[in-house]
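Trainee: Need a 3D model of the following:
(chains A and B)
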Amino acid sequence: MTHLKRWLVALFAVFAAVVTLNMQSVHADDSLVKIQQKGTIVMGTSPDYAPYEFLVNKHGKNQVVGMDVEVARKIAKDLGVKLVIKQMNFSSLLVALQSGKVDMVLAAMSPTNARRKSIDFSNTYYKSGQDIIINKTDAKIYKDRQSFANKKVGVQNGSLQETLAKTQMKSSTTLGLTKVTDLILALKTHKVAGVVAEGAVAQAYTSNDDSLVEIPGHFNLSSDTMGTAIGFAKGSDSLVAAANKSLAEIKQKKLIPQYLKTAGSYMKTNTEDTSMLHYWTYFLKGVEYTLLISAIGAFFGVLLGTIFALLRLSKHRLPHLIGVAYIEFVRGTPLMIQVMFVYFGIGIFIDIPALVAGLIAVSLNSAAYVAEIIRSGIDSIPVGQTEAARSLGLSERQTMTSVVLPQAIKNIWPALGNEFISLIKESSIVSIIGVTDLIYQLTVVQTATYKGVQPILVAMVLYFVLTFGLSKLLGHFERKMNHAA
Amino acid sequence: MQHKPLIQINHLTKKFGDNLVLNDISETINQGDVIVVIGASGGGKSTFLRSLNLLNRPTRGEIFFEGTNLVDLSEKQLDNVREKMGMVFQSFNLFPNMTVLENIKLAPLKVKTVTDEEATKTAKELLEQVGLGEKADAYPASLSGGQQQRVAIARALAMHPDVMLFDEPTSALDPEMVGEVLKVMQDLAKTGMTMVVVTHEMGFARSVADQVWFMDGGKILEKGTPEQLFEHPKEARTQDFLSKILAQ
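Mentor: Predicted coordinates for the structure are as follows:
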């Protein structure tokens, strides 16, 4: 175990050193030059926040649109570079900036003092009040934020609204969720009495859903929290200055109302037909990605899992320790953390797309579980089988591949099947870094249709069809193997 | 030809922890010999047999097979030696996921450079030889113990070994099946095959063995022709063992 500790310490030391180096390199401010050299500016956002940013289906393809996108487009145009949009969870945005995954964040983000500690902000470009969305049936009970005493209100995790609710609605409790769509769902199912949201967002939801109304929050907003600004990595002064120049022009030409109008027209096209059938391409795409991730995860999981199982079973000390360390470490940490580590952590060294990061994380995770299954399978084969094979002159490797593994796989097939089925379900974690799997697409449809429950039902049925189909398929192979012997 | 040494054992010693299982054994096995090793359980018979092809690595000593000291060889080099030393186990150890024919063909195909056609031909001949020609496509689970053990013998013979090692080949069998396996072994002995057999079948030892070795306490305590050993045992331990066995 001391070996293991030493390895871990060394690993963290290297990691810390690289992170420090990386931060120092940011201090030399070449942020603007860098953007111009690569010819693109990457905007990070969480498109579940109409009218700021949300998704529309254009010619069968998802597209991020909204007021923030219009602002970003203007900045990109002024810089003479192409705009690239990366989608992810709101709570992942700051990390994405710090790890260089994105160049700027436009996500209706308020420049709070807490955030200023880790990133830089442009000037504010939009100011909107903070309102509370409630069920229409409750309109007589709730008048403003004071009427929520001893009630529960919903807020987005890590948002300004969360801070406001916690400091200025002290007699209320808060429920923090990641997505606004989920918050609305919680409201409609009476899990919360109200949802604190930006004025423009509240407006968007209430005008698209007759059962909801908005009431003014009358929050006491100090100057730094009012309004919305663009986030940049710490120390990118030149880039911030360039963005501020564009923002000044937007202000002077009064472009914001125009942008909001554009966003509004997109929202209308979204809500024209909100039947789930209309969104079947969304779900199809989700199924495709979920299947892709699961299939590749299973393939590499089995491949790497076999290798790690053999390492762990090795008679030699070093391979054995490597096998044990890998399996125990991966099994001892949540897949969610691993996905974020691969995407953001490894992302410091090389820029990998979210899908690739998701595939790597899922494969590496699955490998650890498959390794243990395979090890138990190999252990279950009587030693006499190995002795018989070796006494016939088969080498150690031939004995493993021709005699032990084929029997082991038959023994562990049901356990492997379970692993594949849970892989389909657990791969949904990759949605947090913006991979468009079934869970991610579910949120997209929720956002687009302002309907909470129906997309969940559709996704649930789809997941069941996938796992049940796989389970039938595996059963078929199991019967085939049992037929022999 | 008859008396050319095939296996030369020098000071073979095996310890499992502090437990001395084989105590400084030095013996010679000549080409064409049928040696039957008898003795009480725990006397080291199986360990002795399994040391001959180094399934158990000796703690000390040398084993010369066809002039090579096996103890000096690496696992890789041993693979080439083991194919010349067929082994039959008490628990058959057939590969349950393969048919009888596949069981027999596996090693020739993997280890030797034979075509599938040749391997199949040899396998079928050997199955005829052990009286199981019609079971080629059966799986081991559908065979009786006696049939499985005969397949195991055919499987070992498929590598054309120079010596056959039998580790209590009939101990796991129902009594009515012992005969069919012993018959196959008897036929094999007649072909001039060198054989080392660990067994409790005294009838077989009497009728087939060139030499009977009595093992006790990790040593070959007494050896001789069947007649010498069974009719005129010299050692008290041998007499004691034989009287117990024959009283059964």
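
Trainee: Let's verify the residue lying closest to A:Ser99 once chain neighbours are set aside: helix, strand, or coil?
Mentor: Nearest non-adjacent residue to A:Ser99, counting by Cβ to Cβ, 6 or more residues apart in numbering or on different chains: A:Phe344, 4.4 Å away. To be clear about C-beta, it is placed using only N, CA and C from the backbone, and glycine gets the same treatment. Of the three states, A:Phe344 takes helix under DSSP: H, G, I helix; E, B strand; the rest coil.

Trainee: likewise A:Asn123?
Mentor: Per three-state DSSP, A:Asn123 ends up strand.

Trainee: who touches it in this structure?
Mentor: Contacts here follow Cβ atoms under 8 Å, 6 or more residues apart in numbering or on different chains; on that basis A:Asn123 touches A:Ala229, A:Asn244, A:Leu247, A:Ala248.

Trainee: Tell me, how many residues neighbour the last one?
Mentor: If you count neighbours by other Cβ atoms under 10 Å in any protein chain shown, A:Ala248 ends up with 12.

Trainee: How about the first one?
Mentor: By the other Cβ under 10 Å criterion, the neighbourhood of A:Ala229 contains 26 residues.

Trainee: Show me what it is bridged to.
Mentor: Applying DSSP bridges to A:Ala229 yields these beta-bridge partners: A:Thr124.

Trainee: Let me see the contact set for it.
Mentor: Residues touching A:Ala229, when contacts are defined by Cβ under 8 Å, 6+ apart, comprise A:Met109, A:Ser110, A:Pro111, A:Phe121, A:Ser122, A:Asn123, A:Thr124, A:Tyr125.

Trainee: so what pLDDT did it get?
Mentor: Turning to A:Ala229, the model gives it a pLDDT of 92.

Trainee: buried sites along stretch B:215-223?
Mentor: Within stretch B:215-223, the residues that qualify as buried by neighbour count (16 or more other Cβ atoms under 10 Å in any protein chain shown) are B:Met215, B:Asp216, B:Gly218, B:Lys219, B:Ile220, B:Leu221, B:Glu222, B:Lys223.

Trainee: Am I right that the residue nearest to A:Ser99 is in contact with A:Ala96?
Mentor: Yes - the pair A:Phe344 and A:Ala96 qualifies as a contact (Cβ atoms under 8 Å) at a distance of 6.9 Å.

Trainee: Enumerate the beta-bridge partners assigned to residue 195.
Mentor: Using chain A. Beta-bridge partners of A:Val195, counted by DSSP bridges, are A:Ile133, A:Gly154.

Trainee: nope, chain B please
Mentor: Where B:Met195 sits in a bridge, its partners, by DSSP bridges, are B:Val34, B:Met164.

Trainee: Please look at it and B:Leu188 and confirm they touch.
Mentor: Yes - at 6.9 Å, B:Met195 and B:Leu188 qualify as touching, with contact defined as Cβ under 8 Å.

Trainee: Which members of the contacts of A:Asn123 occur in strands, if any?
Mentor: A:Ala229 (DSSP state E).

Trainee: From A:Phe219, how far out is A:Asn365?
Mentor: Using Cβ to Cβ, to the nearest Å, we find A:Asn365 at a distance of 42 Å from A:Phe219.

Trainee: mind showing which ranges of chain B have poor pLDDT?
Mentor: Across chain B, residues meeting the criterion (pLDDT under 70) sit at B:1-3, B:248.

Trainee: list the contacts for the residue of it found nearest chain A?
Mentor: Closest approach of chain B to chain A (Cβ to the nearest Cβ) occurs at B:Glu83, with a separation of 2.8 Å. B:Glu83 makes contacts with A:Leu392, A:Gly393, B:Ala107, B:Val111, B:Lys112, B:Met159, B:Pro161, as judged by Cβ under 8 Å, 6+ apart.

Trainee: Pop out the phi and psi values for it.
Mentor: According to degrees, to the nearest 10, the main-chain angles of B:Glu83 amount to phi -70, psi -20.

Trainee: With adjacent residues omitted, what lies nearest to it?
Mentor: A:Gly393 (2.8 Å).

Trainee: hang on, that neighbour in a helix?
Mentor: No - applying three-state DSSP, one finds A:Gly393 to be coil, outside a helix.

Trainee: Show me the strands in chain B, by range?
Mentor: B:5-16, B:19-30, B:34-38, B:60-65, B:68-69, B:85-88, B:163-167, B:194-198, B:211-216, B:219-224.

Trainee: Report the strands that pair with the first one, each with its relative direction.
Mentor: Going back to what we said before, that points to strand B:5-16. Strand B:5-16 has the following strand partners under DSSP bridges: strand B:19-30 (antiparallel), strand B:60-65 (antiparallel).

Trainee: Put the alpha carbons of the longest one into PDB.
Mentor: Output of strand B:19-30 as PDB, limited to C-alpha atoms (Å, rounded to 0.1, in the frame of the first residue of the first chain):
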ATOM      1  CA  ASN B  19       6.300 -30.100   5.200                       C
ATOM      2  CA  LEU B  20       8.800 -32.400   3.500                       C
ATOM      3  CA  VAL B  21       6.700 -34.200   0.900                       C
ATOM      4  CA  LEU B  22       9.400 -35.700  -1.300                       C
ATOM      5  CA  ASN B  23      12.600 -36.700   0.500                       C
ATOM      6  CA  ASP B  24      15.700 -37.000  -1.700                       C
ATOM      7  CA  ILE B  25      14.400 -39.400  -4.300                       C
ATOM      8  CA  SER B  26      16.900 -40.800  -6.900                       C
ATOM      9  CA  GLU B  27      15.500 -43.200  -9.500                       C
ATOM     10  CA  THR B  28      15.700 -44.200 -13.100                       C
ATOM     11  CA  ILE B  29      12.800 -44.900 -15.500                       C
ATOM     12  CA  ASN B  30      13.800 -46.800 -18.600                       C
END
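
Trainee: That one versus strand B:211-216: what angle between them?
Mentor: 170 degrees (axes from the mean of the first three to the mean of the last three Cα atoms, to 10 degrees).

Trainee: Residues of chain B that sit close to chain A?
Mentor: Contact residues, chain B versus chain A (Cβ under 8 Å from any Cβ of the partner chain): B:53, B:55, B:75-76, B:79-80, B:82-87, B:89, B:91, B:93-97, B:106-107, B:110-111, B:139-141, B:152, B:155-156, B:159.

Trainee: which of the contacts of A:Ala229 are buried?
Mentor: The neighbour-count test (16+ other Cβ under 10 Å) applied to the contacts of A:Ala229 identifies A:Met109, A:Ser110, A:Pro111, A:Phe121, A:Ser122, A:Thr124, A:Tyr125 as buried.

Trainee: Going by distance to A:Asp379, which of these wins?
Mentor: Of all those, the one sitting nearest A:Asp379 is A:Met109; the distance, using Cβ to Cβ, is 53.1 Å.

Trainee: Excluding chain neighbours, what is closest to the closest one?
Mentor: A:Met109 sits nearest to A:Gly231 (Cβ to Cβ, 6+ apart), 5.6 Å away.

Trainee: Wait, a helix at that neighbour?
Mentor: No - assessed by three-state DSSP, A:Gly231 does not belong to a helix; its assignment is strand.

Trainee: Tell me how far it lies from A:Ala354.
Mentor: 19 Å.

Trainee: Contact partners for residue 193?
Mentor: Using chain A here. By Cβ under 8 Å, 6+ apart, the residues touching A:Ala193 are A:Ile134, A:Asp138, A:Tyr142, A:Phe148, A:Lys151, A:Lys152, A:Val153, A:Leu187.

Trainee: To clarify, I was referring to chain B.
Mentor: Counting by Cβ under 8 Å, 6+ apart, B:Met193 touches B:Gly32, B:Val34, B:Val163, B:Met164.

Trainee: quick one: which of those has the most company?
Mentor: Neighbour counts for these, by other Cβ under 10 Å, peak at B:Val34, which reaches 24 neighbours.

Trainee: that older thread, what's the burial count for the residue nearest to A:Ser99?
Mentor: 19.

Trainee: contacting residues for it?
Mentor: Contact partners of A:Phe344, counting by Cβ under 8 Å, 6+ apart, are A:Ser92, A:Val95, A:Ala96, A:Ser99, A:Lys101.
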